[in-house]
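Q: the sequence and its predicted three-dimensional model are supplied below.
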Amino acid sequence: MKSLLLLSILVYNLNMQAQSLQGSWKLAAENGKAVTGKEVIRIYADSYFTEGAKDPDSNEFLWARGGEYHKKDDQVRIDFDTRQEKPSAELIAHKIQFEEENSFSIKHGETIQKWIRVSGNKNELSGNWVITGRERNGEMNRMTPGDRRTIKMLGGDRFQWVAFNSATGEFFGTGGGTYIAKDGKYVENIEFFSRDASRVGASLDFNFKVETAIGYIQEKVPRVILLKRSGHRMLKPIPRTNK
């Protein structure tokens, strides 16, 4: 009996791990029809998600969307959505149904979307980060993120940075693509950029180091300090009301 119980717990834990949302996903189908004319990538990390879309032929930026994800209640609160003038401050349904180990479906409005996993790979930079300092004229200027902030999501070999106002939902810019972080070396390849599609295809590289009390430091001029939004250092959601 004890062996059977342990086996059941093991199977349950393995199933939970297989159905983890952490990492990157690609929109594959809508209402049963394969997605064409757009490439949509979503990253889940630290109870947050970001989504970036582009035209795969022209690399033209299409939209960006993201916000807090409450897995326990199957709800999200959208912080920014370039297809809406002002995102609602209310929690909305975001029920995810895993179909297989590496795919899930979700109802978005009148559309049922199917997402397939791009990668679940993790490294020491995986997570949701926010810029808390920049180096100018040789001096590191620290800042406390307010309503206007720039976050960077890293997960499943994908990255996306987003500049937005968490109080108003105002959007300022985004970019994303693939990345590799190993042994203090970081390389990212830009696959979409909201301000200038000609940046697509460019690569950026720098050294980095992780400091527990700070987060991680990008060792390249100008240096940028990024603080991970998780655990006791997580930035608390800023209430937003619609006026």
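A: Perfect, I can see it now.
Q: which strand in this structure has the most residues?
A: Longest strand of the chain, by residue count under DSSP state E: strand 171-182.
Q: quick check: mean pLDDT of stretch 202-209?
A: Taken as a whole, stretch 202-209 carries a mean pLDDT of 89.
Q: if you could redo that for stretch 133-144, that was the one I meant.
A: For stretch 133-144, the mean per-residue pLDDT is 75.
Q: dump that stretch to CSV, keeping only the CA atoms.
A: C-alpha atoms of stretch 133-144 as CSV (Å, rounded to 0.1, in the frame of the first residue of the first chain):
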residue,chain,number,x,y,z
GLY,A,133,19.6,51.1,-12.5
ARG,A,134,21.6,52.5,-15.5
GLU,A,135,25.1,53.6,-15.8
ARG,A,136,25.7,57.2,-17.0
ASN,A,137,29.0,59.0,-17.3
GLY,A,138,30.7,56.2,-15.3
GLU,A,139,28.2,56.3,-12.4
MET,A,140,25.5,53.8,-11.6
ASN,A,141,22.2,55.6,-11.1
ARG,A,142,19.8,53.4,-9.1
MET,A,143,16.0,53.9,-9.4
THR,A,144,12.9,52.5,-7.8
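Q: quick one: buried residues of it?
A: The neighbour-count check on stretch 133-144 (16 or more other Cβ atoms under 10 Å) flags 133-135 as buried. Using the backbone N, CA and C atoms, a C-beta is placed for each residue, glycine as well.
Q: thought Phe208 was touching Val187, still the case?
A: No. Assessed by Cβ atoms under 8 Å, Val187 is found out of contact with Phe208, at 10.7 Å.
Q: between the two, which is the more surrounded one?
A: Phe208 (17 against 13; other Cβ atoms under 10 Å).
Q: a strand runs through that one, doesn't it?
A: Yes. Judged by DSSP: H, G, I helix; E, B strand; the rest coil, Phe208 forms part of a strand.
Q: quick check: it touching Gly184?
A: Yes. Assessed by Cβ under 8 Å, Phe208 is found in contact with Gly184 at 6.0 Å.
Q: now do the helices in the protein.
A: Along the chain, counting by DSSP state H, helices occupy 2-18.
Q: who is Ile116 paired with across the strands?
A: Lys26, Ser103 (DSSP bridges).
Q: next, the contact list for it, please.
A: Contacts for Ile116 (Cβ atoms under 8 Å, 6 or more residues apart in numbering) come out as 25-26, 28, 102-103.
Q: of all those, which comes closest to Gly67?
A: Of all those, Gly67 sits closest to Trp25, with 15.5 Å by Cβ to Cβ.
Q: any idea how far Val130 is from Ala181?
A: 17 Å (Cβ to Cβ, to the nearest Å).
Q: around Gln113, how many other residues sit close by?
A: 18.
Q: low-confidence ranges in this protein?
A: Applying pLDDT under 70 to the chain flags residues 1-18, 88-89, 212-243.
Q: one more time with 50
A: Counting by pLDDT under 50, the chain has low-confidence residues at 2, 4-18, 221, 230-243.
Q: and Ile131, how far from Trp161?
A: On the measure of Cβ to Cβ, Ile131 and Trp161 end up 9 Å apart.
Q: so what sits against both of those two?
A: Joint contacts of Ile131 and Trp161 (Cβ under 8 Å, 6+ apart) are 150-152.
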